[in-house]
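1. Build me a model:
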Amino acid sequence: MTVYPRLRKGLYRTLRANSAGFTLTEIMIAVLITGMIFTYIFGVLTSSISTGDEVRRRMEINHIGRYFISKIAHDISHATLLENNENGGFVGHHYNRDGKSRDELHFTAFTRSYIGTLGFDKQIDQAEIGYYFRTDRDSAGYSYETLVRRESDLIDSIVDEGGYGLDVTQMVEELSIKYLSKNGWIDEWDSITVDALPDAVSVELTLADGEREYFFSTITTVMADDIS
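-> Okay, the predicted model is just below:
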């Protein structure tokens, strides 16, 4: 088959142009589009990770709040004045720091405690229970407060001292504890003065993670003194 010279030259130029590859402009456009796609994918992944971290943080805070409320309600419901013992008591202090409540509560209670002082676990039926704040300092010298639950298997006349403390959380924004008396709700209680337990105890806890606040509350009555 004979190919005319002009047609042969045109075909050669066409084939040469098609085999020359991409131009610099085409490559730059392709790189730009690829970068946009990867930027979008990275943004989606980062957003997903941030959302997952936030969900886990909220779940952790809710777990801490629910644990604290259920634990303190259980402890208070088993409070006792130990009428056959000169020691023991029920003492609640109200503290206001920077316009926010940082209350404390210490009392004796019937409880299944496994905290021992002899180097091994032992089970007892009565203990001192306390909830209070401990002030600490970080490496930079800034102070912060930690909510602590205290438990002591030694019941003495000073109900708010001794025992072992277990850190609950450092995220407490406010802890408000009130006591129901014959004259209504009051901020403090001292069984030495009143010679009785409150009819009910209200506990309100506010936790904060720097972005939002989480509120927990409970009202409980004392049942331990009904045990004969």
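
2. list the contacts for the residue nearest to residue 107 when sequence neighbours are not counted?
-> Closest residue to residue 107 apart from its sequence neighbours, by C-beta to C-beta, 6 or more residues apart in numbering: residue 90 at 4.2 Å. C-beta coordinates here come from the backbone N, C-alpha and C atoms, glycine included. Shown in contact with residue 90 (C-beta atoms under 8 Å, 6 or more residues apart in numbering): 79, 81, 106, 107, 108, 159, 189, 190, 191, 197, 198.

3. Enumerate residues external to the strand or helix carrying the fifth one that contact any of its residues.
-> Going back to what we said before, that points to residue 108. Element membership of residue 108, judged by DSSP states H and E, is strand 104-113. Residues outside strand 104-113 that contact it (C-beta under 8 Å, 6+ apart) are 72, 75-76, 78-82, 87-93, 95, 123-133, 150-151, 153, 155, 159-160, 177, 191, 201, 224, 227.

4. and the gap between residue 127 and residue 65?
-> 24 Å (C-beta to C-beta, to the nearest Å).

5. Just the pLDDT at the residue nearest to residue 107, thanks.
-> In this model, residue 90 is scored at 93, pLDDT.

6. And for residue 133?
-> At residue 133, the pLDDT recorded in the model is 95.

7. Hmm, it is touching residue 149, no?
-> No - with contact defined as C-beta atoms under 8 Å, residue 133 and residue 149 do not form a contacting pair (11.3 Å).

8. partner strands of the host helix or strand of residue 136, parallel or antiparallel?
-> Element membership of residue 136, judged by DSSP H and E, is strand 124-137. Under the criterion DSSP bridges, strand 124-137 sits next to strand 104-113 (antiparallel), strand 143-152 (antiparallel) in its sheet.

9. If I take the helix ranked longest in the chain and strand 124-137, what angle do their directions form?
-> Using DSSP state H, we find that the single longest helix of the chain is helix 24-77. Taking axes from the mean of the first three to the mean of the last three C-alpha atoms, to 10 degrees, one finds helix 24-77 and strand 124-137 inclined to each other by 140 degrees.

10. Just give me how far the next helix or strand after helix 24-77 sits from the chain centre.
-> Following helix 24-77 in sequence order, the next helix or strand is strand 90-93 (DSSP H and E). Offset of strand 90-93 from its chain centre (C-alpha atoms, centre = their mean, to the nearest Å): 24 Å.

11. Would you list the strands that strand 90-93 pairs with, along with their directions?
-> The pairing partners recorded for strand 90-93 under DSSP bridges are strand 104-113 (antiparallel), strand 189-190 (antiparallel).

12. nearest to residue 165, of those strands?
-> strand 104-113 (11.9 Å; C-beta to C-beta).

13. then that closest one to PDB, C-alphas only?
-> Extracted in PDB, the C-alpha atoms of strand 104-113 (Å, rounded to 0.1, in the frame of the first residue of the first chain):
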ATOM      1  CA  GLU A 104     -16.800  18.600 102.700                       C
ATOM      2  CA  LEU A 105     -18.500  15.700 104.400                       C
ATOM      3  CA  HIS A 106     -17.200  13.300 107.000                       C
ATOM      4  CA  PHE A 107     -19.100  10.600 108.900                       C
ATOM      5  CA  THR A 108     -19.200   7.100 110.300                       C
ATOM      6  CA  ALA A 109     -21.100   4.400 108.400                       C
ATOM      7  CA  PHE A 110     -21.900   0.700 108.200                       C
ATOM      8  CA  THR A 111     -19.900  -0.400 105.200                       C
ATOM      9  CA  ARG A 112     -18.100  -3.400 103.800                       C
ATOM     10  CA  SER A 113     -14.600  -2.000 103.800                       C
END
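
14. No more questions from me, cheers.
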